[in-house]
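S.K.: Just need the structure, nothing else, for what follows:
(2 chains)
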Amino acid sequence: QVQLVQSGAEVKKPGSSVKVSCKISGGTFTSYTISWVRQAPGQGLEWMGRIIPLLGMTDYAQKFQGRLTITADKSTSTAYMELSGLRSDDSAVFYCARPQLTGDRNDAFDTWGQGTLVTVSS
Amino acid sequence: EIVMTQSPATLSVSPGERATLSCRASQTVSSNLAWYQQKPGQPPRLLIYGASTRATGVPARFRGSGYGTEFTLTISGLQPEDFAVYHCQQYDDWPLYTFGQGTKLEIK
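M.R.: All right, here's what the predicted structure looks like:
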């Protein structure tokens, strides 16, 4: 059974950057896109962007353009989400997620990582 | 960007009764609409995709309906484990996705 395993919690200073990893196990890495989703405390889900690991191509929500970088390492089946210029309101749980369908089509996310808590505090 | 609006923000229903949750899109998303259930400390779980198709292992008491801009998730015979937050998501606007703000289903 496919699993997405994320890196552990982080505490960061305002203005710094955070890089969260998402490793796939038990499944193919390059056949599916990987998306990143943010959830601030007590808030809803917010799609941030995605990567096509096979091609390294990315798409970002406009809100995060310029601050977000999503990358993928095919050799280790790991995707990364790096958010820069951190502010206190970036404190959130970050999830990686994979759609049901292969390729770069959009589809519902049937596989999620466990989440990574990022706290931004001085 | 397609904006997804869920209502109500909080819904109080007694166990055994029916809950009806709504999701509206700012423009048509055809049937490219998913529903997720989320419990505290857990990632979301896919319940419904294609507006009305239940994901693997989802009980039949969960029913999705709608097309275009108006969607409904109906949960019949509420069980204790159904009290959670529910999110809708559109995946029509390739390559972008958007979620609603969520509906908290609480025990009355």
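
S.K.: Tell me which residues touch the residue nearest the centre of chain A, please.
M.R.: By Cα atoms, centre = their mean, the mean C-alpha position of chain A lies nearest to residue A:36, the distance being 3.0 Å. Shown in contact with residue A:36 (Cβ atoms under 8 Å, 6 or more residues apart in numbering or on different chains): A:20, A:22, A:47-50, A:68, A:70, A:81, A:94-97. All C-beta atoms are positioned from the backbone trio N, CA, C, and that covers glycine.

S.K.: Please determine how far the most centrally placed residue in chain B is located from chain A.
M.R.: For chain B, the residue nearest the mean C-alpha position is residue B:35 (3.6 Å; Cα atoms, centre = their mean). Distance, residue B:35 to chain A, by Cβ to the nearest Cβ, to the nearest Å: 9 Å.

S.K.: which bits of chain B sit near chain A?
M.R.: Proximity of chain B to chain A is confined to B:1, B:32, B:34, B:36, B:43-46, B:49-50, B:55, B:87, B:89, B:91-102 under the rule Cβ under 8 Å from any Cβ of the partner chain.

S.K.: if we go to 7 Å?
M.R.: B:1, B:34, B:43-44, B:46, B:49, B:55, B:87, B:89, B:91, B:94-102 (Cβ under 7 Å from any Cβ of the partner chain).

S.K.: What subset of these is buried?
M.R.: With burial judged by 16 or more other Cβ atoms under 10 Å in any protein chain shown, the buried subset of the residues of chain B next to chain A is B:34, B:43-44, B:46, B:49, B:55, B:87, B:89, B:91, B:95-102.

S.K.: With that, I have no additional questions.
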